[in-house]
Each structure stands twice: as structure tokens, then as C-alpha cells.
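Engineer: only the shape, not the letters, is given here:
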């Protein structure tokens, strides 16, 4: 009885009703907070990556870079597009992983990681080609 009085009965309390998205938090069991917090840190890392990609695209176009304007614009646009896609990956990935944690299922692989990586690689190749002395 003493355990029940101080909350040590081993039961996980129900989540507060104001958590968003409610459809996610209303299903499954509450996972270990360490895993949810790690998932949130990954979400925030994607957001930081997004900001960096957008800043790189804007900087590439805003500052004087000695490379052909067409290549510079193409690389800048690709970086901005990747920066716009990264928060989509952040949200969708966070949601899928949190759902898997709540249902004790294997963690899903990131969905948009490969397309984002390919776009960044293409932008890097364009910048490299543009910076070569013969370009």
C-alpha cells in the first residue's frame, strides 16, 4: 500500500492531454524517456542541418564567388531545396520513430535522407566544377 501512495506502484502515468500530436500520444505505451529525448535531439539536428543548408545556398548566391553564374545559381537552389526538405524529414522521421517506440517495433529507416544527400552531393559537384580554373 505504501508503494501506491507515493506513486511507486510500477505503473507509468498517463500522458497529459495537451501533448501534440494527440493521435500519436493516444496510442501505444509511453516509451523510456531517454529514447524519446534522443529522438527529439535527432529532430533538432535535422532542423539545424536545414538552417545550415539554406544559409549555404543563400551565401553562395549572395557573395561574390568566382564561378559561372549558372552553376552558382543551380548549386544555390539545390542547397535551398535540400534545406526545405530537411524539416520534412525531421518531422516525418520523428513521428515514425516515436510511433515505433510506443509500439515496441523496430525503428524505421530515414525516408528522405538519401534524396537529400544526393542533392547535396550534386550541389557540391556543381560548386567544384565551377571553381576549377578551366570552367
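Structural biologist: It's in. Just so you know, these numbers come straight off a predicted model, no measurement behind them.

Engineer: how close does residue 112 get to residue 81?
Structural biologist: Computed as Cβ to Cβ, to the nearest Å, the residue 112 to residue 81 distance reads 12 Å. Backbone N, C-alpha and C define where each C-beta goes, glycine included.

Engineer: that should have said residue 47, apologies.
Structural biologist: For residue 47, the distance to residue 81 - Cβ to Cβ - is 16 Å.

Engineer: more neighbours: which of the two?
Structural biologist: Higher neighbour count among residue 47 and residue 81: residue 81, with 17 against 14, using other Cβ atoms under 10 Å.

Engineer: was I right about that one contacting residue 120?
Structural biologist: No: Residue 81 lies out of contact with residue 120 (Cβ atoms under 8 Å); the separation is 10.0 Å.

Engineer: tally of neighbours for the residue nearest to residue 77 when sequence neighbours are not counted?
Structural biologist: Nearest residue to residue 77 in three dimensions, chain neighbours excluded: residue 57, at 6.9 Å (Cβ to Cβ, 6 or more residues apart in numbering). Neighbourhood size, residue 57 [other Cβ under 10 Å]: 22.

Engineer: contacting residues around residue 57?
Structural biologist: 75, 76, 77, 78, 79, 80, 83, 123 (Cβ atoms under 8 Å, 6 or more residues apart in numbering).

Engineer: want to throw those residues into a markdown table with neighbour count?
Structural biologist: Putting these into a markdown table (neighbours: other Cβ atoms under 10 Å) gives the following:
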| residue | neighbour count |
| --- | --- |
| 75 | 26 |
| 76 | 21 |
| 77 | 16 |
| 78 | 23 |
| 79 | 27 |
| 80 | 20 |
| 83 | 22 |
| 123 | 24 |
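
Engineer: residue 51: which of those is nearest?
Structural biologist: Closest approach to residue 51 among the contacts of residue 57 (Cβ to Cβ): residue 83, at 7.2 Å.

Engineer: the closest one and residue 46 touch, don't they?
Structural biologist: No: contact criterion Cβ under 8 Å: residue 83 and residue 46 do not qualify, at 10.6 Å.
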